[in-house]
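Visitor: would you be able to build a 3D model of this:
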Amino acid sequence: MKKVACIAFVFILVLLTMQLGVHALPYDKTSVPELIITEIVPKTLGKDGSTTRDSFEFMEVYNTSANQIDLYEYGLVFRQFESNAEVYGRYTPIQKNPCEGLTQVKTSTMIPSNPDTALLDPGKACVIWFWGQYSFTDEVKTVAEFRQHWNITEDVLVLIVDSNVSTDTGNNVNRFELCNSNQRMYGIVKKSEAKLSSAGDGAVDKTAASYDELICYCYWRLAEVGGSVLPEVGTTFVYTDSTDIRSSVISEVFAPATPGELTEAQKKSLGITATAVTTAAPKSTTTIETTKAPDTTAAAVSTTVTETAVETAEITTLPVVTTASVATGADTGDKGGCGSAIISYPGLVILISAGLVILYICKSTRKQHS
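Guide: Got it, this is the predicted structure:
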């Protein structure tokens with residue numbers, strides 16, 4: 001009986017170890033991710049105002065946690081919708097040298113370098129510039145030019161990723177750019193969890209890659225943004241209390257780009273006060289939740305955005321850190337998508353079961369001795 005009790009005890013410890021501490025993959029689908037994609041601007045004007053060059057396209061990423069996050073530990077992923085399988089097909093790391101690890105690069109001397117560190121503060125957004133073939137053609141060589149184009153202040157972190165997929169100027173076939181046609185999935189993954197192929201050059205192992213590795217992801221579909229893409233306007237996203245909270249829904253389309261700032265709808269969904277992220281006056285936007293036609297770009301839009309354009313989910317207040325809670329050290333309840341030190345529901349069941357098993361063994365032992 002003692003041998004059985006020891007085996008049972010060891011088994012219970014193993015199960016509890018699996019449930020405690022850092023979440024095992026797949027990432028927790030019920031907690032707010034530590035990083036979320038909040039805005040995508042896939043079409044921009046060129047350096048000279050040309051409408052045929054997307055020289056300044058960007059993705060905005062927001063830190064929902066109570067800690068600084070080193071973005072050099074993460075990468076971005078992309079998938080076209082050629083199949084229903086939840087597999088990402090391309091991967092672009094965030095790193096100091098955007099071209100590091102690539103052997104076929106033709107424009108490495110043209111791409112600006114990133115800073116030595118990429119620490120994103122709690123409650124702050126980072127703007128990720130997709131430096132691609134049009135940036136090369138336009139000879140946009142500095143982050144200062146990118147900041148000037150979007151009027152981004154120096155307190156906002158700006159990073160660059162290599163998205164030059166052109167065989168003429170880049171030939172980085174395993175990277176990706178922000179597309180403005182059809183439909184796409186974009187996500188964030190920890191570099192340590194990315195499933196890369198032994199072929200090198202950052203190629204993805206499509207037989208092993210899945211959404212389970214992703215910290216967060218969002219869907220961008222042309223039909224949901226009115227069927228056309230205008231330059232210099234963005235698509236914003238919110239994260240809702242859904243089956244998989246890592247996945248976002250579109251909040252606004254035809255919205256004036258706000259790199260480094262959250263919109264009022266995003267602040268509301270995240271439970272952030274008006275001054276938690278920025279004190280700048282809110283910019284006017286056209287939201288999916290109303291039937292109001294886009295006002296600033298209505299003349300150029302032939303397709304009216306309506307409530308049926310997106311199946312919007314009800315926005316709920318999510319546990320996310322604010323400036324005030326960071327300053328006071330208050331607990332926001334958000335433990336992040338990976339790194340929670342809490343017991344999940346399966347862990348609680350195992351814990352109760354363990355107690356019952358131990359109680360049963362103890363009673364059986366007493367009966368034998370009596």
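
Visitor: tell me where the protein has helices.
Guide: 2-19, 133-138, 143-150, 264-270, 323-328, 345-369 (DSSP state H).

Visitor: which of those comes out lowest on mean pLDDT?
Guide: Confidence, taken as mean pLDDT, is least for helix 323-328 of these (a mean of 31).

Visitor: looks like V238 contacts I245 (just checking).
Guide: No - V238 is beyond contact range of I245, at 10.9 Å (criterion: C-beta atoms under 8 Å). Every C-beta, even on glycine, is put in place using the N, C-alpha and C of the backbone.

Visitor: please parse this structure into its domains.
Guide: 1-20+343-370, 25-342 (automatic domain parsing).

Visitor: which stretch in the ones you listed has the least confidence?
Guide: The bottom spot among those, by mean pLDDT, belongs to domain 1-20+343-370, with a mean of 54.

Visitor: now do the same contact list for T142.
Guide: Neighbour list for T142: P112 [criterion: C-beta atoms under 8 Å, 6 or more residues apart in numbering].

Visitor: nope, R90 is what I meant
Guide: Going by C-beta under 8 Å, 6+ apart, R90 touches 77-79, 174-176, 204.

Visitor: measure it to K206 for me?
Guide: 10 Å (C-beta to C-beta, to the nearest Å).

Visitor: hmm, back to that, pick out whichever of V238 and I245 has more residues nearby.
Guide: V238 (26 against 21; other C-beta atoms under 10 Å).

Visitor: what is that one paired to in the beta sheet?
Guide: V249 (DSSP bridges).

Visitor: mind checking how far it is from A209?
Guide: From V238 over to A209 (counting by C-beta to C-beta), the distance is 26 Å.

Visitor: and if you look at E154?
Guide: From E154 to A209 the distance is 37 Å (C-beta to C-beta).

Visitor: which one's more surrounded, the two?
Guide: Under the criterion of other C-beta under 10 Å, the comparison of E154 against A209 puts A209 first, with 25 against 8.

Visitor: list the contacts of the more buried one.
Guide: 77, 87-89, 194-195.

Visitor: ok, P231 next?
Guide: Residues near P231 by C-beta under 8 Å, 6+ apart: 43-45, 51, 54.

Visitor: quick revisit: restricted to strands, list the contacts of R90.
Guide: Among these, the members found in strands (DSSP state E) are 77-79.

Visitor: can I get these in TSV with neighbour count and distance to P33?
Guide: Formatted as TSV, those follow (neighbours: other C-beta atoms under 10 Å; distance: C-beta to C-beta, whole Å):
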residue	neighbour count	distance to P33
V77	24	14
F78	21	17
R79	24	18
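
Visitor: which member of those residues is positioned nearest L230?
Guide: F78 (21.9 Å; C-beta to C-beta).

Visitor: the closest one: what's it in contact with?
Guide: F78 touches 88-92, 176, 184-187, counting by C-beta under 8 Å, 6+ apart.
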